[in-house]
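Student: Fold the following.
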Amino acid sequence: LHLKMGGGASKPIYFGNMVDGVRHGRGRMVWKDGRRYEGEFSNGLMHGTGALKLPNGDIYEGMWKEGTRDGKGVFKYSDGVYSGEWSNGLMHGEGILTLKSGTVYSGGFSKHKYSGNGILKLPNGEEYSGEFKDGLYDGHGFLTMSDGNMYDGGFKGGELHG
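Tutor: Numbers count the residues shown, from 1 in each chain. Down below sits the predicted model:
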């Protein structure tokens, strides 16, 4: 069944498949604030593959689970691009973050922060390859500083340790 529903002050307009009056299957939702989603639905929620375009130009294309980004996806936003794994709407798992500033991070993420093993390249030429915790250098790593000096050893809370 293909229906159009919604359109209230805050409710989106929906075009697509429905089962027993609930969004289910392929469809498209448009909100009054300019958000647009096109993709799969399950039990009324964005679920499966789909793309969400925001009024500011940000775009997420990838997997959804029960209304949140979950699984592999690409998020293009004003400051850069993240391509990788998501969990409960957060960057979580393996991914690559490329910022317009020139910063590039490739590696593990946990709840939107660098975590586990990764490589961080900064625009000033500094490069770190090693372990991260809570977004900071933490554990063993190799740091090449912008002046060319190098350090191979331990880090704790983003600082040299050992």
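Student: Tell me if I'm right that residue 35 and residue 57 touch.
Tutor: No: counting by CB atoms under 8 Å, residue 35 sits too far from residue 57 to count as a contact (11.7 Å). Just so you know, the C-beta spots here come from the backbone N, C-alpha and C atoms, and that holds for glycine as well.
Student: Of the two, which one has the most company?
Tutor: Between residue 35 and residue 57, counting by other CB atoms under 10 Å, residue 35 is the more crowded of the two (15 against 9).
Student: beta partners for the spatially most central residue of the chain?
Tutor: Nearest to the mean C-alpha position of the chain, counting by CA atoms, centre = their mean, stands residue 91 at 4.5 Å. Residue 91 has these beta-bridge partners by DSSP bridges: residue 86.
Student: where are the low-confidence patches of the protein?
Tutor: For the chain, residues meeting the criterion pLDDT under 70 lie at 1-10.
Student: my read: the residue nearest to the centre of the chain touches residue 80, true?
Tutor: No: applying CB under 8 Å, one finds residue 91 not in contact with residue 80, separated by 11.9 Å.
Student: where do the contact lists of those two overlap?
Tutor: Shared contacts of residue 91 and residue 80 (CB atoms under 8 Å, 6 or more residues apart in numbering): residue 97.
Student: Residue 141 versus residue 114, what's the distance?
Tutor: Per CB to CB, to the nearest Å, residue 114 is found 11 Å from residue 141.
Student: In terms of neighbours, single out the busier of these two.
Tutor: Higher neighbour count among residue 114 and residue 141: residue 114, with 26 against 21, using other CB under 10 Å.
Student: Name the nearest residue to that one, sequence neighbours excluded.
Tutor: residue 132 (4.0 Å; CB to CB, 6 or more residues apart in numbering).
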